[in-house]
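**Q** Need the 3D shape of this:
(one chain, ligands or ions: 1)
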Amino acid sequence: MLNYAVIDESKIDFVEIAPAAELPTGERLFVDLGEKPIVIFNIAGQLFAIGDVCTHDDGPLGDGTLEGHNIVCPRHGAEFDVRTGQAVQMPAVVDIPAYPVQVRDGNIFVGIPK
Ligand code: FES
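**A** Okay, here's the model as predicted:
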């Protein structure tokens, strides 16, 4: 399971996603990187990227409600911290991937393992 609470940039490729202007505060952006569905959140001006698939039963996490930094799965209510991917509420017990995000020259980049 991927988790980038601690970032080792020698093991990550940053992929350009979109202009940062396309993701204003309070919004979310869905992207597919290869076969990885990812959702990026702008929470109070900070960007967080996670895998868009719940580890409980493949629910569409990005369609869920944000409660602070927790995303609530719309299917059965599991919660994950979008900062780390950590599962913090049953019924999910397995973390989701969390990816590092950077903004360079006004564009969003998401870090994917090499
Ligand atoms: S699929 Fe997400 S809580 Fe069940």
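
**Q** From residue 91, how far off is the residue nearest the centre of the chain?
**A** By CA atoms, centre = their mean, the chain has its centre lying nearest to residue 50, at 1.8 Å. Distance, residue 50 to residue 91, by CB to CB, to the nearest Å: 18 Å. (Each C-beta comes from the backbone N, C-alpha and C, glycine too.)

**Q** same check, this time on residue 98
**A** Residue 98 is 20 Å from residue 91, by CB to CB.

**Q** what's the answer for residue 42, then?
**A** Separation of residue 42 from residue 91 (CB to CB): 28 Å.

**Q** just residue 54 next, same as before
**A** From residue 54 to residue 91 the distance is 9 Å (CB to CB).

**Q** what do you get for residue 80?
**A** Taking CB to CB as the measure, residue 80 falls 12 Å from residue 91.

**Q** So which bits of this structure are right by the ligand?
**A** Residues of the chain found near the ligand (CB under 6 Å from any ligand atom) are 54, 56-57, 59, 73, 75-78, 91-92.

**Q** and the two most separated of the residues you listed?
**A** 57 and 77 (11.5 Å; CB to CB).

**Q** ok, the two, which is more surrounded?
**A** Under the criterion of other CB atoms under 10 Å, the comparison of residue 57 against residue 77 puts residue 77 first, with 15 against 12.

**Q** Please name the residues that touch the nearest residue to the more buried one once chain neighbours are set aside.
**A** Distances taken as CB to CB, 6 or more residues apart in numbering put residue 89 closest to residue 77, at 7.0 Å, once the chain neighbours are dropped. Residues near residue 89 by CB atoms under 8 Å, 6 or more residues apart in numbering: 70, 72, 77-79.

**Q** what about residue 98 and residue 91, which has more around it?
**A** Legend: neighbour count by other CB under 10 Å for residue 98 and residue 91, higher for residue 98 (22 against 14).

**Q** Now do the same for the nearest residue to that one once chain neighbours are set aside: its pLDDT.
**A** Spatial nearest neighbour of residue 98, chain neighbours left out: residue 85 (3.4 Å); criterion: CB to CB, 6+ apart. pLDDT for residue 85: 96.
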